[in-house]
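# Need the 3D shape of this:
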Amino acid sequence: DALTSNPKKPLFNPKPIGPIHTLILTRHGDSLWNGKYPGCRETFTGWTDVDLSPIGEQEAIRTAKILSQTTRGVNIDALFTSTLTRAKMTAHYCWWAYYDRSNEPYQQRKDNEGDNTPGQFVMDYRLNERHYGSLQGLVKADAEAGDHGHSPEDVYKWRRSWHAIPPPMEDNDPRRIEEFRKYGSYCDVPRSESLSMVAENRIRPFLSERLTPILDDADNSNSSASFEDISQNDSKIESGGTALIVAHANSIRALIGVICNVEQDPHGLALGKLESMKIPTASPLVIKYRKTTEEGRYFAVGSAGKNDSKNELPVYLLSSLQLMRKAASE
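Purely as a prediction, here's the structure:
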């Protein structure tokens, strides 16, 4: 049977406090191991540092254009990304697009009127993809077919389940030795991770220590637009900061899981939704959240009416939200 990380969680009922922060979430473009590019096969990647494919570069450019065009006027306080090349390159394309000078990276325009270039560019290993352990480097279809000695049921759990832990990588594995060489100087390199482990060990500390403090200190005085209210009480609460996060399918799922408190859902509906959620490329998502009276726990801001079902997670396609323009006098 697949290993799992499934501790019992206490009842969860803290009260939301503070401003409403907005996160724009986007996945990196297609990599050489994602399988879209001719001659490439879909492969368990994890912390293996592979490049964007030519298709992925075009996806990254398209995502960057979508973001820079659809968020004009929104004050983006920071752009966050992982330490893996496929996410960093996608993030760089986004950064350049906000500067509106893709041929002159990092050079700010002299005239900043209407410029909503992210205030900071932050790389953080805690946004890295989940570690797939000894599965890394295996073609997914081969693993699912049992070619490497794993049952199709276990492989499915390792890919989708919140709690299932892939087989760990041995310490003398050349792949692990290479990961220690690349990442060991600034983080504890995992041997394998479930999504729950990513959420608790990396994403929750990232939210508490890095992301939320920056958004708490946000200054919205220069913002000329904001995303439409997505709950009935949105307009009555102070608006906080906005961040753009360019990361990976599973680190984004883990982040959504932490904000939506999927492990505290007594009926398991939210967790089921998250486990089945697929994060597309070139389709940015939006989620809003608040802090709560319990340190390190969060409250997802959303409305059942915005989605088709009250059981849906409060995560929305950026393309489905309208920008609300502020009056010139504000």
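# can we go C-alpha only for contacts and neighbour counts from here?
Noted.
# mean confidence for stretch 178-189?
Taken as a whole, stretch 178-189 carries a mean pLDDT of 96.
# Likewise for stretch 98-107?
Mean predicted lDDT for stretch 98-107 stands at 52.
# now stretch 298-308
pLDDT averaged over stretch 298-308 gives 66.
# show me where pLDDT drops low in the protein?
1-12, 100-116, 221-224, 230-235, 303-311, 325-330 (pLDDT under 70).
# hey, where'd the helices end up in it?
54-70, 85-99, 140-144, 152-160, 174-183, 195-198, 204-206, 212-216, 249-259, 269-276 (DSSP state H).
# neighbouring contacts of the first one?
The set of residues that contact helix 54-70 without belonging to it, under C-alpha atoms under 8 Å, 6 or more residues apart in numbering, is 28-31, 36-37, 89-90, 93-95, 97-98, 281-284, 318-319.
# same deal with the third one?
The list of residues contacting helix 140-144 from outside it, by C-alpha under 8 Å, 6+ apart, reads 42-44, 148-152, 155-156.
# With the fifth one instead?
The contact list for helix 174-183, computed with C-alpha under 8 Å, 6+ apart, reads 47-48, 169-171, 189, 191.
# is it possible to export those residues to JSON lines including distance to residue 132 and neighbour count?
Formatted as JSON lines, the contacts of helix 174-183 follow (distance: C-alpha to C-alpha, whole Å; neighbours: other C-alpha atoms under 10 Å):
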{"residue": "47", "distance to residue 132": "8", "neighbour count": "23"}
{"residue": "48", "distance to residue 132": "9", "neighbour count": "19"}
{"residue": "169", "distance to residue 132": "9", "neighbour count": "19"}
{"residue": "170", "distance to residue 132": "12", "neighbour count": "14"}
{"residue": "171", "distance to residue 132": "14", "neighbour count": "11"}
{"residue": "189", "distance to residue 132": "12", "neighbour count": "16"}
{"residue": "191", "distance to residue 132": "8", "neighbour count": "17"}
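# Out of the contacts of helix 54-70, which end up buried?
Buried members of the contacts of helix 54-70, counted by 16 or more other C-alpha atoms under 10 Å: 28-31, 36-37, 89-90, 93-95, 97-98, 281-284, 318.
# what residue is smack in the middle of this structure?
For the chain, the residue nearest the mean C-alpha position is residue 252 (2.7 Å; C-alpha atoms, centre = their mean).
# check contacts around that residue.
Residues in contact with residue 252, defined by C-alpha under 8 Å, 6+ apart, are 25, 27, 127, 279.
# does the first one really touch residue 249, like I thought?
No. Judged on C-alpha atoms under 8 Å, residue 25 makes no contact with residue 249 at a distance of 9.9 Å.
# Those two - which one has more neighbours?
Between residue 25 and residue 249, counting by other C-alpha atoms under 10 Å, residue 25 is the more crowded of the two (27 against 20).
# which residues touch the more buried one?
Listed by C-alpha under 8 Å, 6+ apart, the contact set of residue 25 reads 244-247, 252, 284-287.
# could those residues be laid out in CSV, adding distance to residue 238?
What follows is the contacts of residue 25, written out as CSV (distance: C-alpha to C-alpha, whole Å):
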residue, distance to residue 238
244, 20
245, 22
246, 26
247, 27
252, 25
284, 24
285, 22
286, 18
287, 16
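# Just give me the closest of those residues to residue 196.
residue 252 (12.3 Å; C-alpha to C-alpha).
# Now that we have the contacts of helix 140-144, which of them are buried?
Buried positions within the contacts of helix 140-144, assessed by neighbour count (16+ other C-alpha under 10 Å), are 42-44, 150, 155.
# Need the max-distance pair from the residues you listed.
42 and 150 (17.1 Å).
# So which bits of stretch 136-150 are buried?
136-140, 143-144, 150.
# ok, residue 173 - how many residues close by?
Using other C-alpha under 10 Å, residue 173 is surrounded by 11 other residues.
# Please flag which of the contacts of residue 252 sit within strands.
The strands, defined by DSSP state E, take in 25, 27 from the contacts of residue 252.
# could the contacts of residue 252 go into JSON lines alongside distance to residue 206?
Formatted as JSON lines, the contacts of residue 252 follow (distance: C-alpha to C-alpha, whole Å):
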{"residue": "25", "distance to residue 206": "15"}
{"residue": "27", "distance to residue 206": "18"}
{"residue": "127", "distance to residue 206": "8"}
{"residue": "279", "distance to residue 206": "20"}
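# quick one: which of the contacts of residue 252 is nearest to residue 83?
residue 127 (7.7 Å).
# which residues sit in contact with the closest one?
So residue 127 contacts 81-83, 202-203, 247-248, 251-252 (C-alpha under 8 Å, 6+ apart).
# isn't residue 254 right next to residue 203, touching?
Yes. Under the criterion of C-alpha under 8 Å, residue 254 lies in contact with residue 203, with a separation of 6.9 Å.
# Right, I'll leave it there.
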